[in-house]
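*Asks:* Sequence first, then the predicted structure:
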Amino acid sequence: MNALLFSFVVLATFVTLCNAQCYFIPNESSASNGDLPDPGIEARSPALAGCKDLSGVTHELKSDWKTENCESCHCSNDGIECCNTAAIPMGYDRDKCQAVFNKETCTYTVLEKKDPLKNCTVTAWVL
């Protein structure tokens, strides 16, 4: 019984960590408050509807795209879902090392603070 409970706690932790890297922008019809601004979908006929992202760019319904912040996004009838695609380093010595993000490759490198030419060991990554 304890092994089953432990397995459930581990699984729940991983699901939480994975979902923490995603967000959702509902379209106007999905929003519970009609006074909210329209971040999700333009008010046009359903055949021409598209999703408006946080930058104000409209994307076709059922389209996928990548943002300059290394997120993978999808436009659906309900709105936009975006998830981070860069694995974030978690298991490293934060006193001796620092994580450096490369926006062009959507990757992190963990380097020593005193000697930035040396890599640090990373034992855990979160996507």
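*Replies:* Cool, got the structure. Source: prediction; values computed, not measured.

*Asks:* Skip the chain neighbours and tell me the closest residue to C70.
*Replies:* C106 (3.7 Å; CB to CB, 6 or more residues apart in numbering). Backbone N, C-alpha and C define where each C-beta goes, glycine included.

*Asks:* So that neighbour sits against E68, correct?
*Replies:* No: at 10.0 Å, C106 does not count as touching E68 under the criterion of CB atoms under 8 Å.

*Asks:* domains of the protein?
*Replies:* Per automatic domain parsing, the domain ranges recorded for the chain read 2-84, 88-126.

*Asks:* which residues does E71 bridge with?
*Replies:* N84 (DSSP bridges).

*Asks:* ok, which stretches of the chain are helices?
*Replies:* Under the criterion DSSP state H, helices of the chain are mapped to 2-19.

*Asks:* Give me the buried positions along stretch 76-92.
*Replies:* By neighbour count on 16 or more other CB atoms under 10 Å, the buried set for stretch 76-92 is 76, 79-84, 86, 89, 92.

*Asks:* just those now: which is nearest H59?
*Replies:* I80 (7.5 Å; CB to CB).
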